[in-house]
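> sequence and computational prediction follow.
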Amino acid sequence: MIARCLLALFTWLTLTASAQERFSITHGPYIQALDTTGVNILWTTNKLAVSWVELAPDDGSHFYHRERPKHFAVNDGLKTKDTVHRVYLAGLKPGTTYRYRVYSQEVKRHEWSTVEYGTIAATQVYRSAPLQFTTPSPMEETASFAVINDMHGQNDVMQQLLEKVDFDDHTIVFFNGDMAGFFLSEQQVFTDFMDTGVQQFASQYPMYYARGNHETRGPFAGQFSRYFPSVSGKPYYLLRRGPVCFVVLDSGEDKPDSDIEYGGLAAFDDYRDEQAAWLTEALTHPEFTTAPYKIAICHMPPFKGWHGQHEVIGKFVPLLNRAGIQLMISGHLHRHIKQQPDEHHAFPVLVNSNKALVSAKGDSRQLQLTVFDTEGKQVDSITLNPSH
């Protein structure tokens, strides 16, 4: 009886504290799936809300100069009530810088056609400059990008590496898998790595994800694409930036689907078959075939070893070989390896360690990739010449 009373008291106190908690934006905003004419902007709140983005050109006027157009988070014609907010901005101009501000208004009650709204939370445009992003131009002649992987919640290492990226060059960043040890909850995903990403760059510069095997583990794993949407709607996709076309692959889990660690939920063999069918067609797209540089981003390298790596060798590598991939950038092994072409893969494989950053910059004449450690010391380098 005492235990039940204590449980009831604890529940009441928890609910009361939640009700009294001030409505706020909890994480973000951050941009995803940026392309020449559109972008997703995402953020979270601590309570249900409707949300929108105000968008302004980068024309030198103050953000408060006039009322800015509102773009709402919607789903099939209805403004969404949620704690995860995703606004897709379409119809943007290529090669253009935009300023933005995000808003959320709490929905306290919704009964029949009556909606009771609460307070509004928003990002700053008064005491600090508005957030901004720049759409890429299809006419870009240069490319620069960075890759990190296997952070497993090491925010200090992640911060040290990202501090070495010059975002004034509009560098894009790839998270090449295993940024967290498990996907357990929204809070854990943000505290393990994404809050650091937002703090360092992700509110204004694009981040693209190549899912690793640890992002598939835990009760929150099924929510991955909700927080990290891609240009294809899947965790695998093509991405063209200037002279480089990236083939971003999802290598899935590393052990057989029947392994006890997956709790009977894994179906990655069929998933990789599905992905290989997509890849066969994707590698014929002009954005790939006309690119001077063709790079695969894949968490698990195509090395003999565990089941997942053999799947990459058997299902992805033959297609990549025939298509003329010039380099694969991987992670997973937590150590630096530069593997030259062998009897399986006709391209070099750069395995980045969990304490290093791959930084690349180039144009249609040459692409230079350099690996740096946390102290900024050069570990290795690769130079690519255009394929045609």
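Received, thanks. Residues are numbered from 1 along each chain as shown.
> any stretches of the stretch 151-300 of the chain with poor pLDDT?
Along the stretch 151-300 of the chain, no part satisfies pLDDT under 70.
> please enumerate the helices of the stretch 51-200 of the chain.
Along the stretch 51-200 of the chain, counting by DSSP state H, counting those that start in this stretch, helices occupy 155-162, 186-189, 195-197.
> from those, which stretch is densest packed?
Greatest average neighbour count among the helices of the stretch 51-200 of the chain goes to helix 195-197 (a mean of 21), per mean count of other C-beta atoms under 10 Å. (C-beta placed from N, C-alpha, C; glycine too.)
> longest strand in the protein, please.
In the chain, taking DSSP state E as the definition, the longest strand is strand 39-57.
> and that one, which strands flank it?
Using DSSP bridges, the strands paired with strand 39-57 in its sheet are strand 25-32 (antiparallel), strand 70-72 (antiparallel), strand 82-89 (antiparallel), strand 97-111 (antiparallel).
> count of neighbours near residue 312?
For residue 312, the number of neighbouring residues by other C-beta atoms under 10 Å comes to 26.
> same question, residue 40
Count around residue 40 with other C-beta under 10 Å applied: 18.
> for it, which non-adjacent residue is spatially closest?
Distances taken as C-beta to C-beta, 6 or more residues apart in numbering put residue 32 closest to residue 40, at 4.4 Å, once the chain neighbours are dropped.
> surely that neighbour and residue 226 touch.
No - using C-beta atoms under 8 Å, residue 32 makes no contact with residue 226, being 10.8 Å away.
> pLDDT score assigned to residue 387?
At residue 387, the model reports a pLDDT of 86.
> give me the neighbour count for it.
Residue 387 has 12 nearby residues by other C-beta under 10 Å.
> hmm, it is touching residue 293, no?
Yes - if you go by C-beta under 8 Å, residue 387 and residue 293 touch, sitting 6.9 Å apart.
> shared neighbours of those two, anything?
residue 326 (C-beta atoms under 8 Å, 6 or more residues apart in numbering).
> which SS state does residue 245 fall under?
strand (DSSP: H, G, I helix; E, B strand; the rest coil).
> re earlier: turn the helices of the stretch 51-200 of the chain into CSV, columns for distance to residue 272.
Formatted as CSV, the helices of the stretch 51-200 of the chain follow (distance: least, C-beta to C-beta, whole Å):
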stretch, distance to residue 272
helix 155-162, 28
helix 186-189, 24
helix 195-197, 27
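> which residues does residue 231 contact?
Taking C-beta under 8 Å, 6+ apart as the contact definition, residue 231 lies against 33, 35, 237, 238, 239.
> so the fourth one, which state does it fall into?
This points to residue 238. Applying three-state DSSP: residue 238 is strand.
> for it, which non-adjacent residue is spatially closest?
residue 282 (5.4 Å).
> let me know how buried the one you found is, in neighbour terms.
Residue 282: 19 neighbours (other C-beta under 10 Å).
> ok, back up a step: for the strands paired with strand 39-57, which one sits closest to residue 220?
strand 82-89 (11.9 Å; C-beta to C-beta).
> list the contacts of the closest one.
So strand 82-89 is contacted by 38-49, 51-53, 55, 71-73, 98, 100, 102, 104, 186, 226-227, 229 (C-beta under 8 Å, 6+ apart).
> for the contacts of residue 231, work out which two are farthest apart.
It's 33 and 238 that sit farthest apart of those, by C-beta to C-beta, at 12.1 Å.
> if I pick the nearest residue to residue 140 once chain neighbours are set aside, what's in contact with it?
Nearest residue to residue 140, sequence neighbours excluded (C-beta to C-beta, 6+ apart): residue 242, at 3.8 Å. Residue 242 sits next to 136, 140, 141, 142, 143, 363 when contact means C-beta under 8 Å, 6+ apart.
> select only the buried ones of those in PyMOL?
Burial among the contacts of residue 242 is assessed by 16 or more other C-beta atoms under 10 Å; the matching PyMOL selection reads:
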select buried, resi 136+140+143+363
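> among the contacts of residue 242, which lie within strands?
Going by DSSP E, the strands hold 142, 143, 363 from those.
> the first one contacts residue 361, correct?
Yes - when contacts are counted by C-beta under 8 Å, residue 142 is listed as touching residue 361 (7.4 Å).
> ok, how many other residues are close to residue 129?
Around residue 129 there are 10 residues (other C-beta under 10 Å).
> cool, residue 338 as well?
Neighbours of residue 338 (other C-beta under 10 Å): 14.
> what helix or strand does it sit in?
Following DSSP states H and E, one finds residue 338 within strand 337-339.
> distance of residue 43 relative to residue 155?
Note on residue 43: its distance to residue 155, by C-beta to C-beta, to the nearest Å, is 19 Å.
> now residue 222
Counting by C-beta to C-beta, the gap from residue 222 to residue 155 is 24 Å.
> what do you get for residue 360?
Where residue 155 is concerned, residue 360 sits at a distance of 24 Å (C-beta to C-beta).
> now residue 370
Relative to residue 155, and taking C-beta to C-beta, residue 370 is found at 24 Å.
> report the buried residues of stretch 117-130.
Using 16+ other C-beta under 10 Å as the test for burial, stretch 117-130 gives 121, 123, 125, 130.
> can you redo those as CSV with pLDDT and distance to residue 166?
Output for these, formatted as CSV (pLDDT from 0 to 100; distance: C-beta to C-beta, whole Å):
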residue, pLDDT, distance to residue 166
121, 96, 32
123, 96, 24
125, 90, 26
130, 95, 22
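> what about those, which are in strands?
residue 121.
> was I right about residue 351 contacting residue 358?
No - the criterion here is C-beta under 8 Å, and residue 351 misses it with residue 358 at 10.1 Å.
> these two: which has the busier surroundings?
Relative neighbour count places residue 358 above the other of residue 351 and residue 358, with 25 against 21, counting by other C-beta under 10 Å.
> confirm that the more buried one sits in a strand.
Yes - under three-state DSSP, residue 358 falls within a strand.
> give the bridge partners for it, please.
Where residue 358 sits in a bridge, its partners, by DSSP bridges, are residue 147, residue 371.
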